[in-house]
Structure formats: C-alpha cells, structure tokens
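[1] pasting the sequence and the predicted model now:
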Amino acid sequence: MIRAREVRLVSETGEQLGVFSAREALRIAQEHGLDLVEVAPNARPPVCRIMDYGKYKYEQSKREREARKKQKVVTIKEVKMRPNIEDHDFDVRCRRAEEFLRDGDKIKATIMFRGREVVHSELGLAVLERLLEKVKDVCVVERSPKLEGKNMVMILAPKPSATEGSKAGQKVSQ
C-alpha cells in the first residue's frame, strides 16, 4: 500500500538503513519476517519502519486500556428534599450525601416546592444551608442555591483531600 518509489528505511531497532526502493524495502522486511509500515508519509522521501505491526497494535490498545482504567468518571447523585422535611429524614439525606461525596461523586441537592410553597423560598434555602453545614468538611460548593422553576438546586463537589482520605482508609481496613 506504500505508493512512493523510494523510502527511507528504519530497522526494528531504530537505526537508519538508508534510502531504498519500495520493493527492496518490502523484501528486506519480509526477510526479517516483519511488516513494512509507513510512519512519516509527508517526509521526502517517506519514512518506513520495519516492525511487527500486530504486536504494535496490541501494545497500543493495551496502553489505551491502562489510561482508561486510571480515569475517574464523576457522576452526579441527587438528594431530593422538601422545605418542611422532618429532622430524621433530613439526617438520612445528609448521611447519604456525605457517602456520595466521600466516594468522589458530586451532589445535586434539590428542594422541591409544591403549590404556593415557592413563595417561601427562604425555607428551602435554610434547608440547603443546613445540609451544607452538615457536610462542609467533605465538600465545596460548585453552584450556590438557585431557584429553577419550582425547584431550588445546589451542586456540591467533593474536596480533593476528602476522596483521597477515604480511599486510604479503605486500603487500611481491607
């Protein structure tokens, strides 16, 4: 598939072998039992390398898999409450929010208003501030409370030190 008449040939160890015709370069690669791969098509003359292409593709996919393993996918978990929430229900929501934050997830704390409750949005704001007070040691406010239609929404993100500390604690306990 190499269209150039002449190519600069590089061996599998990386040393330059010189300029050869494309057929001669292909013959040399076949003698070594390897493939001829064009690595720099825009160079004059194009640069081709003798390599095991299947092994190269396998190692490249292996590196990509490793890179994907190290990525952390941040998910947003939602905690829904009402402006007149009872104390026990509020404590349960706080514990769940704190668990999510320690796991490295973001929290979308939502206060749902029904009917004319939205007129007293300060009650919802007080509930969100109470939630923030309970989990302030493991989070930072990414978006402050904002009224969106009949819902008041606040987004909390985990502190970088909070997620690292919990993972270290898990390693010790296992």
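    That came through fine. In this text, all values refer to a predicted model and were calculated from it rather than measured experimentally.
[2] tell me how far residue 98 lies from residue 144.
    Using C-beta to C-beta, to the nearest Å, residue 98 is found at 19 Å from residue 144. For every residue, glycine as well, the C-beta is placed using N, CA and C.
[3] ah, wrong one, I meant residue 102
    22 Å.
[4] neighbour count: the two, which is higher?
    Applying other C-beta atoms under 10 Å to residue 102 and residue 144 shows that residue 102 carries more neighbours, namely 20 against 11.
[5] residue ranges with poor pLDDT in the protein?
    The model of the chain has pLDDT under 70 over residues 162-174.
[6] other residues contacting the lengthiest helix in it?
    Secondary structure of the chain per DSSP state H: the longest helix is helix 53-70. Residues outside helix 53-70 that contact it (C-beta atoms under 8 Å, 6 or more residues apart in numbering): 35, 37.
[7] so how far is it off the chain centroid?
    17 Å (C-alpha atoms, centre = their mean, to the nearest Å).
[8] going forward, count from 27.
    I'll keep to 27 as the first residue from here, and by that count the last item is helix 79-96.
[9] sheet partners, orientation included, of the very next helix or strand once past it?
    Per DSSP states H and E, the first helix or strand lying C-terminal to helix 79-96 is strand 102-107. Using DSSP bridges, the strands paired with strand 102-107 in its sheet are strand 132-138 (parallel).
[10] so what touches stretch 68-77?
    Contacts of stretch 68-77 (C-beta under 8 Å, 6+ apart): 28, 30, 32-38, 45, 48, 51, 54-55, 58, 60-66.
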